[in-house]
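Chemist: fold the stuff below for me.
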Amino acid sequence: MWADSFARRRWIRQTWKTYSNVGRTMHVVFIVGMLQSDLSPIPGEVEQKLRAEAAEHGDLLLLDDVPERKSPCLKTMAWFRHAVHTYSGATFIAKTDDDAFVQTIKLEANIRPFTQTPRVYIGSTLWGSFVTKTFEPCARRMGPNMCAGGMKEENCVQKGAIGPYPYAVLSYGVAAWMVQQDAFLDFEQRATAATRPPMMTQGEDMVIGMFLYLSPWPLMPLHWGWDKLHDLCFKCTRKDQIWRPITVQTVVAHHIANEQIITEVFRNITHGSHFDPRPCDDACQQKLLPFEVTSLEDLCSRAGGSIRKVYSKCALVPK
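Modeler: Numbering: from 1, shown residues only. Got it, this is the predicted structure:
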């Protein structure tokens, strides 16, 4: 989140951050870099206003040595490190964009059954590979089979790309392993120091996926489809695209562009209206939503076994 995104943080505090589990069993933190892209400090008046906001609300993580707009990846990496050390009793650690609407009660209800399951990632997984030398995503696709085709089309292996891999919400143990790796710190330092191309400007989810790909053990993937984590469209009706309206299945809606939209989504989800009944009542919020992929073994057995050819973790489970 950018330092001067004062209005967006206010919208979130007034809507989904008011859900009853926030501040009790779930903590929501805004991540803000305090440097400009050229590594100079943000303007003094913005910093003063920002520090006053942080003191008032207590929900900002201000990163004095991280550029705010150069790369969301650096804020994401700093967040996972901070969360591992600050919330040592946490079960899961997640990252979401600042234009997302998170149904925190529904999310917590659905990840709670896996609190005792080690090495889990949960979500609607994005697949791709990453060229570490030039900080570029390669073959970024929704789904492993699509990514495999993209890797061939975009010559990812020839470019030195690592992957493919998925990314989503991480269990605490996975996040703790990740932030302790020398490669994690080395990548972070290189990405921070680069002030001219090649620079790290995109693909923060891909970078986290890269470190999961390098982990030495199998991971437990729990994958939701686009009906549960999706981009927001009030009138879209197609079932084969990521743009969807809010439904009883929605856990996270992305691309909430302005205050009017986030307020309308919050009103519909929380209260409904005479014309549009509330899509998900209190009982619905606690309902468990089925995962399309339920384990690593399940994932590796899909598509006639062809996923084994694009995901290295499949070598760690029996055929």
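
Chemist: which strand runs longest in this structure?
Modeler: strand 60-67 (DSSP state E).

Chemist: just how off-centre is stretch 181-199 within its chain?
Modeler: Chain-centre distance of stretch 181-199: 20 Å, with Cα atoms, centre = their mean, to the nearest Å.

Chemist: sorry, back to before: report the rounded mean pLDDT for the longest strand of the chain.
Modeler: Averaged over strand 60-67, pLDDT sits at 91.

Chemist: which stretches of the stretch 151-300 of the chain aren't confidently modelled?
Modeler: For the stretch 151-300 of the chain, applying pLDDT under 70 flags the ranges 272-277.

Chemist: count of neighbours near Q241?
Modeler: 12 (other Cβ atoms under 10 Å). To be clear about C-beta, it is placed using only N, CA and C from the backbone, and glycine gets the same treatment.

Chemist: burial count for the closest residue to it other than its chain neighbours?
Modeler: The shortest distance from Q241 to any residue other than its chain neighbours is 7.2 Å, reached at W226 (Cβ to Cβ, 6 or more residues apart in numbering). Look at W226: counted by other Cβ under 10 Å, it has 17 neighbours.

Chemist: can you give the contact residues for the longest strand of the chain?
Modeler: Strand 60-67 is contacted from outside by 9, 29-37, 39, 50-51, 53-54, 74-75, 78-79, 82, 192, using Cβ atoms under 8 Å, 6 or more residues apart in numbering.

Chemist: mark which of those residues are buried, thanks.
Modeler: With burial judged by 16 or more other Cβ atoms under 10 Å, the buried subset of these is 9, 30-35, 50, 53, 74-75, 78-79, 82, 192.

Chemist: where exactly do the strands run in this structure?
Modeler: Taking DSSP E, the strands of the chain run over residues 30-35, 60-67, 92-93, 101-102, 120-123, 127-131, 136-141, 161-165, 169-171, 220-223, 229-232, 243-244, 252-254.

Chemist: to R112, which of these lies closest?
Modeler: Across the strands of the chain, R112 has its closest neighbour in strand 92-93 (9.5 Å, Cβ to Cβ).

Chemist: sheet partners, orientation included, of the closest one?
Modeler: Strand 92-93 has the following sheet partners, assigned by DSSP bridges: strand 169-171 (antiparallel).

Chemist: quick one, helices of the stretch 1-150 of the chain?
Modeler: For the stretch 1-150 of the chain, the helices defined by DSSP state H, counting those that start in this stretch cover 6-14, 44-57, 72-86, 104-111, 144-153.

Chemist: list the contacts for D99?
Modeler: When contacts are counted by Cβ under 8 Å, 6+ apart, D99 touches 8, 254-257.

Chemist: hmm, 7 Å instead?
Modeler: For D99, the contacting residues are 254-257, by Cβ atoms under 7 Å, 6 or more residues apart in numbering.

Chemist: quick one, phi/psi of the residue nearest to P137 when sequence neighbours are not counted?
Modeler: Of all residues not flanking P137 in the chain, G203 sits nearest, at 3.9 Å (Cβ to Cβ, 6+ apart). Torsion angles at G203 (phi, psi; degrees, to the nearest 10) stand at phi 80, psi 30.

Chemist: follow-up on the earlier one: using JSON lines, please lay out the contacts of D99 together with neighbour count and distance to T247.
Modeler: What follows is the contacts of D99, written out as JSON lines (neighbours: other Cβ atoms under 10 Å; distance: Cβ to Cβ, whole Å):
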{"residue": "H254", "neighbour count": "17", "distance to T247": "14"}
{"residue": "H255", "neighbour count": "15", "distance to T247": "16"}
{"residue": "I256", "neighbour count": "25", "distance to T247": "16"}
{"residue": "A257", "neighbour count": "9", "distance to T247": "19"}
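
Chemist: output the residues you listed as JSON lines; include the columns distance to S215.
Modeler: Shown next, in JSON lines, are the contacts of D99 (distance: Cβ to Cβ, whole Å):
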{"residue": "H254", "distance to S215": "26"}
{"residue": "H255", "distance to S215": "31"}
{"residue": "I256", "distance to S215": "32"}
{"residue": "A257", "distance to S215": "35"}
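
Chemist: and those, which is closest to Y121?
Modeler: The closest of those to Y121 turns out to be H254 (Cβ to Cβ; 17.9 Å).

Chemist: from what I can see that closest one touches T96, true?
Modeler: No. Using Cβ atoms under 7 Å, H254 is not in contact with T96; the gap is 8.5 Å.
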